[in-house]
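**Student:** Pasted the sequence and its predicted model underneath.
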Amino acid sequence: MDLKTKYLGIELKNPIVPSASPLSAHVDTVKEMEANGASAVIMYSLFEEQILQEAEALDAYLMQGANSFAEALSYFPEPDTFENKDAEEYLNQVSKLKAAVDIPVIGSLNGVSAGGWMDYAQKIEQAGADALELNIYYIPTDPAKTATDIENMYVEDLKTVKSKVKIPVAVKLSPYFSAFANMAKKLDDAGADGLVLFNRFYQPDIDLEELEVKADLELSRPYDLRLPLRWIAILHPIIKASLAASSGIHGAEDVLKAVMAGSDITQLASALIQKGSGHIKTILQDMERWMEEHEYESIEQMKGSMCHQTVAEPAAYERANYMKVLQSLR
């Protein structure tokens, strides 16, 4: 079976790509994933807060006693000449992975505001990354900000990063836009090389005994694929950017569904955390078995075959699906 696919202009041997997670923090783990068939790997994210907080702490330290010994400040280099510890470790890890594996290594930069932290896009490129995933994670709680303000911020973040690097840039999005297809088209027109659907917003919980808000990590389930599946099917015919399905990829059936909807790759982490890197080989074997049974010769042959434009009933991806589900309950 020909499992090759193309993502961000890069030819990959199959659509299985481990997504941004702690798994990429260890060279040996990434080598294992490569040995089991992973076609690329997304690095864990470098966060805007990590960069800014350390820079601010260093700046505050250097400025202590500045009023008493102002002339001494001329002997200190500017704070931005110091390499941030977290960022330095991140860039070193990119370089280590590039030296250790043959598959593409894709960096991940997580933030939201414009500013100097975006300079790290260029540093990630210089460290050897083959591409960059811009992981925008923003909760718009300010009632003064309009939907247009938020959308423009995403587009400007993308343009800023694209102006700094030559490698392909994908944008990882949340589904919480009032007109998602329009937002995807704006990013496509602004030069996004790929869109990753979707970023999972981890929801907080409340501890009734301690009376405090607590962070709680829930791994994805196969059902979580339903949302990206719908939007990939809708977007596949109308945008030029590559599409990646993220959330709910646990087995061969999930990968095949995503590809048929129009996805170029599928990103997974929860399944690998639960079952280990050997699960990649199992997924690939199951995919080949299914494709042989159903007489498919390649991934490209099935890509987009079940998208919004090609299915017999396109409305099934829209409101009609909602109506059918409710009627089935009667």
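**Tutor:** Received the coordinates, thanks. Numbering: from 1, shown residues only.
**Student:** so where do the strands sit in the stretch 151-300 of the chain?
**Tutor:** Along the stretch 151-300 of the chain, the segments classed as strands by DSSP state E, counting those that start in this stretch run 169-173, 194-197, 205-207, 212-214, 242-246, 265-268.
**Student:** Run a quick neighbour tally on the residue nearest to residue 255 when sequence neighbours are not counted.
**Tutor:** Computed as CB to CB, 6 or more residues apart in numbering, the closest residue to residue 255 that is not its neighbour in sequence is residue 266, at 4.9 Å. Backbone N, C-alpha and C define where each C-beta goes, glycine included. Neighbours of residue 266 under the rule other CB atoms under 10 Å: 27.
**Student:** Am I right that residue 266 is in contact with residue 252?
**Tutor:** No - using CB atoms under 8 Å, residue 266 makes no contact with residue 252, being 10.2 Å away.
**Student:** and the nearest residue to residue 147 once chain neighbours are set aside, how many neighbours does it have?
**Tutor:** Take residue 147 and drop its neighbours on the chain: the residue closest to it by CB to CB, 6+ apart is residue 178, 5.3 Å away. By other CB under 10 Å, 10 other residues sit near residue 178.
**Student:** Have a look at this structure and report its longest helix.
**Tutor:** Secondary structure of the chain per DSSP state H: the longest helix is helix 147-164.
**Student:** buried residues in that helix?
**Tutor:** By neighbour count with 16 or more other CB atoms under 10 Å, helix 147-164 contains the buried residues 150-151, 153-155, 157-159, 161-162, 164.
**Student:** now the angle from that helix to strand 169-173?
**Tutor:** Counting by axes from the mean of the first three to the mean of the last three CA atoms, to 10 degrees, helix 147-164 points 160 degrees away from the direction of strand 169-173.
**Student:** Now do helix 147-164, average pLDDT.
**Tutor:** Across helix 147-164, the average pLDDT comes to 94.
**Student:** how distant is it from the center of its chain?
**Tutor:** 16 Å (CA atoms, centre = their mean, to the nearest Å).
**Student:** which residues touch it?
**Tutor:** 109, 111-112, 114, 118-119, 121-122, 125, 132, 134, 136, 138, 140, 169, 171, 173, 177-178, 183, 186-187, 190-192 (CB atoms under 8 Å, 6 or more residues apart in numbering).
**Student:** now stretch 300-313
**Tutor:** 2, 4-5, 232-234, 236-237, 256-257, 259-264, 291, 296, 314, 317, 320.
**Student:** For ChimeraX, write the select line for the buried members of those residues.
**Tutor:** Restricted to buried positions by 16+ other CB under 10 Å, the ChimeraX selection for the contacts of stretch 300-313 reads:
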select :5,232,233,234,236,256,257,259,260,261,262,263,264,291,296,317
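**Student:** remind me which residues of the protein are low pLDDT?
**Tutor:** 53-84, 320, 322 (pLDDT under 70).
**Student:** spatially speaking, which residue is in the middle of it?
**Tutor:** With distances taken as CA atoms, centre = their mean, the residue of the chain nearest its centroid is residue 172 (4.4 Å).
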